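**Q** model this:
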Amino acid sequence: MKKILEILTAVEKATGVAISEMKSKSRANYVCHARYMAFFLLYKERIVLQRIADEFNRKDHSTVINGLVQHDSLMVINENYKHQFKKIRVIPLEPTTIFCRQSKSLCMVKKVDFPYPF
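**A** I've put the predicted structure just below:
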């Protein structure tokens with residue numbers, strides 16, 4: 001799925017953690033933090049929890065739920081984590097069509113990043 005790859009690539013660029021490392025069973029803090037960020041972004045894209053778990057070679061959706069809880073906690077208590085998460089930018093591969101009010105016609109626009117104002 002293109003969206004999953006886009007998000008994983010964006011997290012990889014922002015954190016420096018390789019996609020293969022995020023998908024590994026490593027419990028190192030820096031790897032877990034990148035994984036939590038990816039879980040959150042994938043969940044916000046309305047990807048089913050079990051699909052996210054499968055993508056990361058995890059047993060079931062409860063691992064993803066735990067990662068989402070950890071992400072929320074880290075955003076509150078860890079400034080470094082929060083700063084690193086803010087660096088993530090995802091650029092869609094295909095442009096988005098929207099209605100332009102000024103010219104009253106359809107315009108092709110390319111979204112630049114997620115609208116997550118943390």
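**Q** Lys3 contacts Glu45, doesn't it?
**A** Yes: counting by Cβ atoms under 8 Å, Glu45 is a contact partner of Lys3 at 5.7 Å. All C-beta spots, glycine's among them, are computed from the backbone N, C-alpha and C.
**Q** below-threshold pLDDT in the protein: ranges please.
**A** Applying pLDDT under 70 to the chain flags residues 1, 90-118.
**Q** centre-most residue in the protein?
**A** Centroid check for the chain by Cα atoms, centre = their mean gives Leu41 as the closest residue, at 2.8 Å.
**Q** spatially nearest residue to Ala38 (excluding sequence neighbours)?
**A** Leaving aside its sequence neighbours, Ala38 sits nearest to Val11 (Cβ to Cβ, 6 or more residues apart in numbering; 4.7 Å).
**Q** coming back round to it: quick one: the residue nearest to the centre of the chain from His33, how far?
**A** As defined by Cβ to Cβ, to the nearest Å, Leu41 lies at a distance of 13 Å from His33.
**Q** which parts of this structure are strands?
**A** Ranges of strands in the chain, per DSSP state E, are 96-100, 105-109.
**Q** next up, the contacts around the residue nearest to Ala38.
**A** The neighbours of Val11, taking Cβ atoms under 8 Å, 6 or more residues apart in numbering as the test, are Val17, Met22, Ala34, Met37, Ala38, Leu41, Ile88.
**Q** any idea which of the residues you listed has the most stuff around it?
**A** Neighbour counts for the contacts of Val11 (other Cβ atoms under 10 Å) peak at Ala38, which has 28 neighbours.
**Q** stretch 57-65: how far from the chain's middle?
**A** Here stretch 57-65 is found 16 Å from its chain centre; the criterion is Cα atoms, centre = their mean, to the nearest Å.
**Q** and that stretch, which residues are buried?
**A** Arg58, Val64 (16 or more other Cβ atoms under 10 Å).
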